[in-house]
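A.B. asks: Predicted structure and sequence below. I'll ask about it afterward.
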Amino acid sequence: MDYYKQQKNEEKQLYYTNQLLKVTVFLQNEYRFLSTALHKQLDIKYLESEKARLEYSLQTKSRLFTAAIVGGSLLLIGFAVALLWNYLKKKEYSKRYNELVAQRKNAKAEEKTQLTEIAKPAPVVADVPTNVPEPSTVVDVNTQEEVRVTEVPASIEALTATPEISQPVEKEINSNSKKNERSTVTGASNKVWESITQYLEVFEENQGFLDPNINLNQLAVLFETNRSYLSSYINASKEKTFNDYVNQLRIDYLLAQFESNPQWIHYKISHIAELLGFPSSRSFSNAFIKCTGISPSFYIGQLKEEAQT
């Protein structure tokens, strides 16, 4: 037992301790005259306590070993789940990135087409009378010959007159109904609605959304209106809250910068957030994910890969 104790082999220690304890108990029962000598040389209580200690130690090690196996298994499962989740997330991000790039290309193509159409000169069409009557045939009484006679309109206006078109009237009616509908939504007059529309157009053109201190109250004062009207207008026309509206403008501006200024892809996330007027990198990342469906780091990483190829 001492040998296995030095070797720190508790299993063998326990085995031989049990064997010695059995032998000692047997000798005490069979040879009572040896009980005193056995008690002196082999202390049964000591053997029993050593047995209990060894059993407890082995049970503790067994429990620790079992816990280690269970913990390791859970760790491996968690790691595998994390890998799978990252794979699926990356796959979804790649799909969303391709969709976003395609949408921006289509939008730019449509904008270019519209600008081309606007730049084209309007075709010149000569006014051709469409209501000139067909010539009729009459008989001259003196010569008894047929003469072709064309009826002449009463005035030149009759030749150049065009039929009334009802479509613009209908459009005007629809436009008025939309204005009335908007006024009902915002609770303001059409004049207020049109004024806010013009102010917002200037706000977007001047990139006022990049101001980190911009807020609804400040914008309402600049627009010479009140907070309620401006908020209702943005909710109705942009279908967003004020914060979402401003964040969308900032993200759209960033995507345009990525396309026109490639150096932007080398900026740090914190620097980009500061340039766009966000209070922190986290708020910028949250806004980017909400607007695009992917994280800014993944989007920038894809742009860098494309730049290298």
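C.D. replies: Right, received. Where do you want to start? Numbering: from 1, shown residues only.
A.B. asks: Which secondary structure element of this structure has the lowest mean pLDDT?
C.D. replies: Among the secondary structure pieces of the chain, namely its helices and strands, helix 156-160 has the lowest mean (mean pLDDT, DSSP states H and E), a mean of 36.
A.B. asks: Grab the nearest non-local neighbour of residue 100.
C.D. replies: The shortest distance from residue 100 to any non-neighbouring residue, by Cβ to Cβ, 6 or more residues apart in numbering, is to residue 292 (5.8 Å). For the C-beta atoms, the positions are set from N, CA and C on the backbone; glycine is no exception.
A.B. asks: Could you check how far that neighbour is from residue 49?
C.D. replies: Taking Cβ to Cβ, to the nearest Å as the criterion, residue 292 is separated from residue 49 by 71 Å.
A.B. asks: more neighbours, these two?
C.D. replies: residue 292 (20 against 11; other Cβ atoms under 10 Å).
A.B. asks: Correct me if wrong: the more buried one contacts residue 299.
C.D. replies: Yes: the criterion here is Cβ atoms under 8 Å, and residue 292 meets it with residue 299 at 6.8 Å.
A.B. asks: And the residue nearest to residue 100, how close does it get to residue 237?
C.D. replies: Where residue 237 is concerned, residue 292 sits at a distance of 22 Å (Cβ to Cβ).
A.B. asks: Let me see the mean pLDDT of the helix or strand hosting residue 82.
C.D. replies: Assessed by DSSP states H and E, residue 82 sits inside helix 44-119. For helix 44-119, mean pLDDT is 82.
A.B. asks: Can you name every helix or strand that that helix contacts?
C.D. replies: Judged by 3 or more Cβ pairs under 8 Å, 6 or more residues apart in numbering; DSSP states H and E, helix 44-119 is in contact with helix 10-30, helix 296-308.
A.B. asks: quick one: which of the ones you listed has the weakest pLDDT on average?
C.D. replies: Mean pLDDT across those is lowest at helix 10-30; the value there is a mean of 66.
A.B. asks: and residue 207, what is it in contact with?
C.D. replies: Residues in contact with residue 207 (Cβ atoms under 8 Å, 6 or more residues apart in numbering) are residue 253.
A.B. asks: Now the phi/psi pair for it, please.
C.D. replies: The phi and psi torsions at residue 207 (degrees, to the nearest 10) take the values phi 60, psi 40.
A.B. asks: how far away is residue 207 from residue 278?
C.D. replies: When distances are taken as Cβ to Cβ, residue 207 and residue 278 turn out to be 14 Å apart.
A.B. asks: same check, this time on residue 68
C.D. replies: Distance, residue 68 to residue 278, by Cβ to Cβ: 46 Å.
A.B. asks: swap in residue 202?
C.D. replies: Taken as Cβ to Cβ, the spacing of residue 202 relative to residue 278 amounts to 23 Å.
A.B. asks: out of those two, which sits in the more crowded spot?
C.D. replies: More crowded of residue 202 and residue 278, by other Cβ under 10 Å: residue 278, with 23 against 11.
A.B. asks: so that one sits in a helix?
C.D. replies: No: assigned with DSSP: H, G, I helix; E, B strand; the rest coil, residue 278 falls outside any helix and is coil.
A.B. asks: quick one: pLDDT of the nearest residue to residue 270 once chain neighbours are set aside?
C.D. replies: In this structure, residue 270 finds its nearest non-sequential neighbour in residue 281, 4.7 Å apart by Cβ to Cβ, 6+ apart. pLDDT, the model's per-residue confidence, is 96 for residue 281.
A.B. asks: ok, how many other residues are close to residue 281?
C.D. replies: With neighbours defined by other Cβ under 10 Å, the count for residue 281 comes to 16.
A.B. asks: how about it, what does it touch?
C.D. replies: Under the contact definition (Cβ under 8 Å, 6+ apart), the residues listed for residue 281 are 269, 270, 273.
A.B. asks: Which pLDDT value does the model give the second one?
C.D. replies: According to the model's per-residue confidence, residue 270 sits at a pLDDT of 95.
A.B. asks: Just checking, which helix or strand succeeds the helix or strand where it lies along the chain?
C.D. replies: Applying DSSP H and E as the criterion places residue 270 in helix 269-276. Scanning the chain past helix 269-276 towards its C-terminal end, the next helix or strand to appear is helix 281-292 (assignment: DSSP H and E).
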